[in-house]
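In: Need the 3D shape of this:
(one chain, ligands or ions: 2)
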Amino acid sequence: MIVTVTYNPAVDQTIQFDEQMAPDRVMRADEAQFDAGGKGINAAQLLTAMDRPCVATGLLGGFTGSFIRETLQDDGVETAFVDVDGTTRLNTTAIAAAEEYKLNQAGPAVGESVVDSLLEQVRAQSPDRVLVGGSLPPGLTPDAIDRIATGGDWETIVDTGGDVLRELDAQYGLCKPNRAELGDATGADVSTVEGCADAADAFRDRGFDRVLASLGADGAVLAGDAGQLYAEALDIDVVDTVGAGDALLSGVLSAWEAGADDETALRTGVTVSAQVVQRAGTAVPDLDDIDSLRDGVTVRRL
Ligand SMILES: Nc1ncnc2c1ncn2[C@@H]1O[C@H](COP(=O)(O)OP(=O)(O)OP(=O)(O)O)[C@@H](O)[C@H]1O
Ligand SMILES: O=P(O)(O)OC[C@@]1(O)O[C@H](CO)[C@@H](O)[C@@H]1O
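Out: Residues are numbered from 1 along each chain as shown. Ligands and ions are numbered 1, 2, ... in the order given. Modelled structure (predicted):
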């Protein structure tokens, strides 16, 4: 069973314009959408949609926090959140012509005592795996993630920015940097797939059993004890890429929870992410055919 921890959830607002962004004038959106977001929350929604037992935890506050709580309840996602005084952030993705703008708030400041409250919620679920996803709100340091990793007898997976990744001290089952985060965390040349695979492999020495590097339209790399696996991305029409990394990771975790090997897990991750990027925002797509669609993903050993 998986517990997801989102220290800094967000309502994801997606607005679409049929013209390019321009300063000093009112831009009027054709469409607007609101989704419950934050990396761990997205993963919990996707894992639930794939019938994997999962509980979403994290910090919620204010009207945006209530929206997330209600949305997850409507979607049948089990939750165990901790209430905070501030207001959960609202992040905006603006899609204008063919361009994507991602505007993320810092989130409400919190005190370190929230880590104890969250740990209590996590321990109460007795999970096998814990996924800590997303940025930290003001008031918390990377130690808040290390404390989850060392707080119980579970494997911890982490999906956060390169600067935070670099500062973690505990032992983790997996981290999932995207290309820029992998570059930030390692300082390595990540301009080629091979460079990314080597950087991911080398980064394992910093306390990660496996490193799953997402490379956008170039696919993904999984580096572990068994070597480096590379999966090509599927050739699809992308609407926006928000939540693509969460989808990749959720597919991998879902397959592992079902006992699959790394190669099958990587195929599953790439397939789930392809479904997500073909839809606006972080809404959960139809994932019923994932097991058959994943056969279409090409994986090779580097
Ligand atoms: N243009 C694309 N075409 C096909 N697949 C894509 C494309 N962009 C992303 N993907 C899929 O999504 C996965 C994750 O993408 P990416 O590396 O952009 O994640 P990310 O930067 O962590 O995203 P986010 O932070 O928004 O969740 C890729 O490994 C790939 O499988
Ligand atoms: O600011 P962070 O925590 O790094 O990222 C938050 C976020 O952009 O990531 C998710 C997509 O991966 C969105 O649901 C959410 O708004």
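In: Might you enumerate the residues of the stretch 151-300 of the chain proximal to ligand 1?
Out: Applying CB under 6 Å from any ligand atom, we find that the stretch 151-300 of the chain lies next to ligand 1 at 178, 214-217, 219-220, 233-234, 236, 238, 241-246, 248, 270, 273-274, 277. Heads up, the C-betas are built off the backbone N, CA and C, glycines and all.
In: Narrow the residues you listed to those that are buried.
Out: Listed as buried from those are 178, 214-216, 219-220, 233-234, 238, 241-246, 248, 270, 273-274, 277; burial here means 16 or more other CB atoms under 10 Å.
In: Can you tell me the SS state at the residue of the chain found nearest ligand 1?
Out: Closest to ligand 1 within the chain is residue 245: 2.1 Å, counting by CB to the nearest ligand atom. Look at residue 245: counting by DSSP: H, G, I helix; E, B strand; the rest coil, its state is helix.
In: What sits closest to it if chain neighbours are left out?
Out: Nearest non-adjacent residue to residue 245, counting by CB to CB, 6 or more residues apart in numbering: residue 214, 4.8 Å away.
In: Would you map the helices across the stretch 51-200 of the chain?
Out: 62-74, 113-125, 143-149, 162-167, 179-186, 193-203 (DSSP state H, counting those that start in this stretch).
In: what residues does the last one touch?
Out: So the one you mean is helix 193-203. With CB atoms under 8 Å, 6 or more residues apart in numbering as the test, helix 193-203 has contacts from 175, 177, 179, 182-183, 185-186, 188-190, 211-213, 215, 218-219, 221, 223, 228, 230, 302.
In: Mind checking which of those residues are in strands?
Out: Among the contacts of helix 193-203, DSSP state E puts 175, 211, 212, 213, 221, 223, 228, 230 in strands.
In: Return the members of those residues classed as buried.
Out: Of the ones in strands among the contacts of helix 193-203, these count as buried by 16+ other CB under 10 Å: 175, 211, 212, 213, 221, 223, 228, 230.
In: on that earlier part again, pull up the gap between the residue of the chain closest to ligand 1 and residue 252, please.
Out: 11 Å (CB to CB, to the nearest Å).
In: circling back: and the residue of the chain closest to ligand 1, what does it touch?
Out: Neighbours of residue 245 in contact, by CB under 8 Å, 6+ apart: 39, 159, 176, 178, 214, 273.
In: Next: residue 296.
Out: Contacts of residue 296 by CB under 8 Å, 6+ apart are 234, 271.
In: pull the longest helix from the chain.
Out: helix 262-277 (DSSP state H).
In: anything in that helix near ligand 2?
Out: No. For helix 262-277, no contact with ligand 2 is found by CB under 6 Å from any ligand atom; the gap never falls below 9.5 Å.
In: Now that helix - C-alpha only, CSV.
Out: The C-alpha trace of helix 262-277 is given here as CSV (Å, rounded to 0.1, in the frame of the first residue of the first chain):
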residue,chain,number,x,y,z
ASP,A,262,11.6,-2.7,-14.0
GLU,A,263,11.2,-2.9,-17.8
THR,A,264,7.4,-3.4,-17.5
ALA,A,265,7.2,-0.7,-14.9
LEU,A,266,9.0,1.8,-17.2
ARG,A,267,6.7,0.9,-20.1
THR,A,268,3.7,1.4,-17.8
GLY,A,269,5.0,4.8,-16.6
VAL,A,270,5.5,6.1,-20.2
THR,A,271,2.1,4.9,-21.2
VAL,A,272,0.3,6.6,-18.3
SER,A,273,2.2,9.8,-18.9
ALA,A,274,1.2,9.7,-22.6
GLN,A,275,-2.4,9.6,-21.5
VAL,A,276,-2.0,12.5,-19.1
VAL,A,277,-0.3,14.9,-21.5
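In: No further queries at this time; thank you.
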